[in-house]
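S.K.: when you get a sec, could you give me coordinates for this:
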Amino acid sequence: MPRSLKKGPYVHPKLLKKIQKAKAEGKNVIEKTWSRSSTIVPEMIGFKIGVHNGKNFLEVMITEDLVGYKLGEFAPSTSFKKHGGQQAKKATK
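M.R.: Numbers count the residues shown, from 1 in each chain. Below is the predicted model:
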């Protein structure tokens, strides 16, 4: 279920503060964040954000097409290895 339109998109306040500060100073530094649930808003366009995936930070370049998505969608937190069991052993032979 999506967030209420009355409330607006969720962006972690500290992340939004970092973006506004960098925009005011004219810096284009990679801002690191653990807030995977934050929504990408138009103020973030043009910035590089390092999104934590549980192990390291994956760099995401924010463009106009990404507005409305969540940051966590671009930093997968799990990696598929392979299925196990008898069928997998037969398939590798």
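
S.K.: so who does the spatially most central residue of the chain touch?
M.R.: Centroid check for the chain by CA atoms, centre = their mean gives Leu71 as the closest residue, at 2.3 Å. By CB atoms under 8 Å, 6 or more residues apart in numbering, the contact list for Leu71 reads Thr33, Ser35, Arg36, Ser37, Ser38, Thr39, Ile40, Ile49, Val51, Val60. (Glycine included, C-beta is placed from N, CA and C.)

S.K.: and Ser79, how many neighbours?
M.R.: A total of 7 residues lie near Ser79 under the criterion other CB atoms under 10 Å.

S.K.: picking that back up, among the contacts of Leu71, which pair sits farthest apart?
M.R.: The span of those, defined through CB to CB, is set by Ser37 and Val60 at 14.3 Å.

S.K.: quick one, which of the two is more surrounded?
M.R.: More neighbours surround Val60 than the other of Ser37 and Val60, with 21 against 11 (other CB under 10 Å).
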